[in-house]
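# for reference, the sequence and a predicted model appear below.
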Amino acid sequence: MTLSTSDGRTVRVALLGCGTVGSEVARLLTEQAGELAARAGAPVELAGIAVRRPDKHPELPQHLLTADAAALVESDVDVVVELIGGIEPVRTWLLTALRKGKSVVTANKALLSEHSGELSEAADAGGADLYFEASVAGAIPLLRPLRESLAGDRITKVMGIVNGTTNFILSAMDSTGAGYAETLDEASRLGYAEADPTADVDGYDAASKAAILASLAFHTRVTASDVHREGISGVTASDIAAAKALGRTVKLLAICERVTADDGTESVSARVHPVMLPRPHPLASVGGAFNAVFVEADAAGELMFYGQGAGGAPTASAVLGDLVAVARNRVQGGHGPRESAHANLPVRPMGQTPTRYHVSLDVADKPGVLAQVAQVFADHGVSIAAVRQRDRLSMASLVIVTHLAPDAALEATVEAIGKMDVVREVVSVMRVEGEDT
Ligand SMILES: NC(=O)C1=CN([C@@H]2O[C@H](COP(=O)(O)OP(=O)(O)OC[C@H]3O[C@@H](n4cnc5c(N)ncnc54)[C@H](O)[C@@H]3O)[C@@H](O)[C@H]2O)C=CC1
Ligand SMILES: N[C@@H](CC=O)C(=O)O
Ligand code: NA
């Protein structure tokens, strides 16, 4: 068995960051050193660990610790594992590493979703690998299937739950009625939330992941700023109750689609927003911090990926998988897949993206009200799929689910309905996925 790299050395690893994920990577690298060496074809050695405050880490081997991540990157290492997060200074360090031929493994979706182009170009220039399986859906092998296993197919849709923190919160609101703030605190304590949890609840984290997924699925550079983003801070107890009354539940979904216009031209739609799903839908039963992602492809049909999307050990599993892959490439002299952006499809604005809405209204209980409301939908070119009406004293509740229509038309419809005299309150508005009730 080969026990060293092509230039006769062990694979020396710089670990940047040793928090929730990094500490698990350090543990597994140490505990499984023998097995990792056998799988990689050479010893994989932790050469240094950069943390912000070395004095706060008595549990780590002191001779490996440094606060100077830049110097560690420049030192005699083969691979940089980046588990700090954020854009700068990490972007600069990783560009330096890649240009110098040092492979990079990272879980940093915020960075990748804005700078994957230049990072990929730096990797090409330096002849290095850039792997990032942990950046989307934690432990779930998802990016490698998109980049490699499905490279011969034509993917049409990627849709799923990709943020553990918000799924944890929505699951608790749905099942126990637990409050938003206390559940978010719990998600942070369990290591699911980002350092700034507004990245989770406002949908930035999921939007970054959607950009990465859309880029890989559609061979197009999609950045986080191309992704329509809505978080869960606007999801109210009324929304949850309205969903329950209809046998639905609320999930924050990332939806990336290949949209084909009537003239045959293709574009990419990428969006993150809360969605009402029928309870029998497979994504509806995904609870806690678990993630699940559907992929639809022409030849493969429908595929579903499910598992732990956040937390130290699950995310470390994906990091270690990538580390073994880049170590193998060094030992055997090969390279992982390069960026594939040849399709270069345009990104479709959200307003032109076909969606379906659920609208719950309290209206005056008078003859003709339903017809008036239905007319407003028709005036905007929106076709109604289902209506439910329930009378309550002098009021009536109307629940309307639409067929697909451009999102801008649906938004304008809801705005017009909110201004009608017969409408007392727009109780809940949310997009829907899955079969009509
Ligand atoms: N926690 C999770 O469940 C997941 C996290 N990620 C990503 O993994 C990365 C790390 O996340 P966590 O481990 O949760 O973060 P964390 O906040 O627990 O750890 C960050 C680490 O970076 C170190 N650090 C910060 N600034 C530094 C600097 N200037 N120089 C040297 N070290 C510095 C800190 O000392 C700490 O050890 C982020 O990009 C995050 O988005 C990805 C998937 C899941
Ligand atoms: N904060 C993220 C961590 C994993 O990517 C999440 O909650 O999913
Ligand atoms: Na993953």
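That came through, no problem. Numbering: from 1, shown residues only. Ligands and ions are numbered 1, 2, ... in the order given.
# quick check: buried residues in the top helix by length along the chain?
In the chain, assigned by DSSP state H, the helix with the most residues is helix 312-332. By 16 or more other C-beta atoms under 10 Å, the buried positions in helix 312-332 come out as 312-331. All C-beta spots, glycine's among them, are computed from the backbone N, C-alpha and C.
# check stretch 51-65 too.
So for stretch 51-65, counting by 16+ other C-beta under 10 Å, buried means V51, P54, H57, L60, L64, L65.
# same question for stretch 27-45.
Buried-residue list, stretch 27-45, by 16+ other C-beta under 10 Å: R27, L28, L29, L36, A37, A40, G41, A42, P43, V44, E45.
# checking the third one next. Helix, strand or coil?
For L29, the assignment made with DSSP: H, G, I helix; E, B strand; the rest coil gives helix.
# and for the one 10 residues further on?
Classification of R39 using three-state DSSP returns helix.
# for the nearest residue to it once chain neighbours are set aside, give me its contacts.
Nearest residue to R39 in three dimensions, chain neighbours excluded: V324, at 5.2 Å (C-beta to C-beta, 6 or more residues apart in numbering). By C-beta atoms under 8 Å, 6 or more residues apart in numbering, the contact set of V324 is L36, R39, A40, V44.
# ok, now with 7 Å
L36, R39, A40 (C-beta atoms under 7 Å, 6 or more residues apart in numbering).
# of all those, which comes closest to ligand 1?
L36 (20.1 Å; C-beta to the nearest ligand atom).
# now that closest one: which helix or strand?
If you go by DSSP states H and E, L36 is part of helix 33-40.
# likewise for K251?
strand 248-260.
# that strand pairs with which strands, and in what direction?
Strand 248-260 pairs in its sheet with strand 155-161 (antiparallel), strand 266-278 (antiparallel), by DSSP bridges.
# just give the nearest non-adjacent residue to the residue of the stretch 1-150 of the chain found nearest ligand 1, would you?
Closest approach between the stretch 1-150 of the chain and ligand 1, counting by C-beta to the nearest ligand atom: G19, at 2.0 Å. In space, G19 comes closest to L83 once its chain neighbours are excluded; the distance is 7.0 Å by C-beta to C-beta, 6+ apart.
# next up, phi/psi of the one you found, please.
phi -130, psi 40 (degrees, to the nearest 10).
# so for it, what's the pLDDT?
At L83, the pLDDT value in this model is 98.
# isn't it right up against G22?
Yes. With contact defined as C-beta atoms under 7 Å, L83 reaches G22; the gap is 4.0 Å.
# below-threshold pLDDT in this protein: ranges please.
Scanning the chain for pLDDT under 70 picks out 1-8, 392-393, 436-437.
# can you map out the helices along it?
With DSSP H as the criterion, the chain has helices spanning 20-31, 33-40, 69-74, 90-99, 109-126, 143-144, 164-175, 180-189, 198-201, 204-218, 237-245, 312-332, 369-379, 407-418.
# need the winner for burial among those.
Of these, the one with the most neighbours on average (mean count of other C-beta atoms under 10 Å) is helix 204-218, at a mean of 28.
# does any part of it sit near ligand 1?
No. Figure legend: helix 204-218 not in contact with ligand 1 (C-beta under 6 Å from any ligand atom); closest approach 7.1 Å.
# now check that helix, is it near ligand 2?
Yes. If you take C-beta under 6 Å from any ligand atom as the test, helix 204-218 does meet ligand 2, through D205.
# and for stretch 151-165?
Yes. Against ligand 2, stretch 151-165 shows contacts by C-beta under 6 Å from any ligand atom at N163, G164, T165.
# got the contact list for the last one?
Applying C-beta under 7 Å, 6+ apart, one finds that T165 lies in contact with A187, Y192, A193, P197, D200, A289, A310.
# excluding chain neighbours, what is closest to it?
According to C-beta to C-beta, 6+ apart, the nearest residue to T165 is D200 (3.9 Å).
# hang on, isn't the one you found packed against T183?
No. Here D200 does not reach T183: they are 11.5 Å apart, not a contact under C-beta under 7 Å.
# apart from its neighbours in sequence, what residue is nearest the residue of the stretch 151-300 of the chain found nearest ligand 3?
When scored by C-beta to the ion, the stretch 151-300 of the chain has N291 as its residue closest to ligand 3, at 8.3 Å. Nearest non-adjacent residue to N291, counting by C-beta to C-beta, 6+ apart: G309, 2.8 Å away.
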